[in-house]
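Q: Please work out how this folds:
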Amino acid sequence: MLGFWIGILSGLCMSVQGVFNTQVTKSSSIWAANIFVQATALLVCIFVWLVSDRTSLTMVWRVEPKYMLLGGAIGAVITYTVIKSMELLGPAKAVMIIVVAQLLVAYLIELFGLFGVEKQQFQISKLLGMALAIGGIILFKWK
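A: Modelled structure (predicted):
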């Protein structure tokens, strides 16, 4: 149940952050906003690490395969694309498309066992759920 509530909190934070970041770009630029977002995230991470964790930072270099270290770079792309999609589509449409894209990619990762994730069997119910979510976007966008 804890995972459910953390997921809810994550979705809430991502939506609010996207709106905040989009507003920041109106006073600066998308890349200036992205730098600020990543820098403040770094400061928060350093603070929390100092207070609660203190695992050696050099441990991350032990991860294999090394391409798994691209999460931060992907984070910069995520910040840019969330800002841009919210600017162009509005928060509700952008988040719906983002969430469905996340769901589709996450399912494909599980289905094919990519990136070290345990491979899952194809389930028609998941395909139908995805179709329902896409249908929801179409219905939501319908004027």
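
Q: ok, longest helix in the chain?
A: The longest helix of the chain (DSSP state H) is helix 2-27.

Q: Buried residues, that one. List them.
A: Across helix 2-27, burial judged by 16 or more other CB atoms under 10 Å covers 14-15, 18-19, 21-22, 24-25. (Each C-beta comes from the backbone N, C-alpha and C, glycine too.)

Q: Can you lay out the residues you listed as JSON lines showing pLDDT and distance to residue 100?
A: Shown next, in JSON lines, are the buried residues of helix 2-27 (pLDDT from 0 to 100; distance: CB to CB, whole Å):
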{"residue": "14", "pLDDT": "91", "distance to residue 100": "14"}
{"residue": "15", "pLDDT": "91", "distance to residue 100": "14"}
{"residue": "18", "pLDDT": "92", "distance to residue 100": "15"}
{"residue": "19", "pLDDT": "93", "distance to residue 100": "19"}
{"residue": "21", "pLDDT": "93", "distance to residue 100": "21"}
{"residue": "22", "pLDDT": "92", "distance to residue 100": "20"}
{"residue": "24", "pLDDT": "93", "distance to residue 100": "26"}
{"residue": "25", "pLDDT": "94", "distance to residue 100": "24"}
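
Q: Residue ranges in the protein under the pLDDT threshold?
A: Applying pLDDT under 70 to the chain picks out residues 143.

Q: three-state assignment of the residue nearest the centre of it?
A: With distances taken as CA atoms, centre = their mean, residue 78 lies nearest the centre of the chain, 6.4 Å away. Using DSSP: H, G, I helix; E, B strand; the rest coil, the secondary structure recorded for residue 78 is helix.
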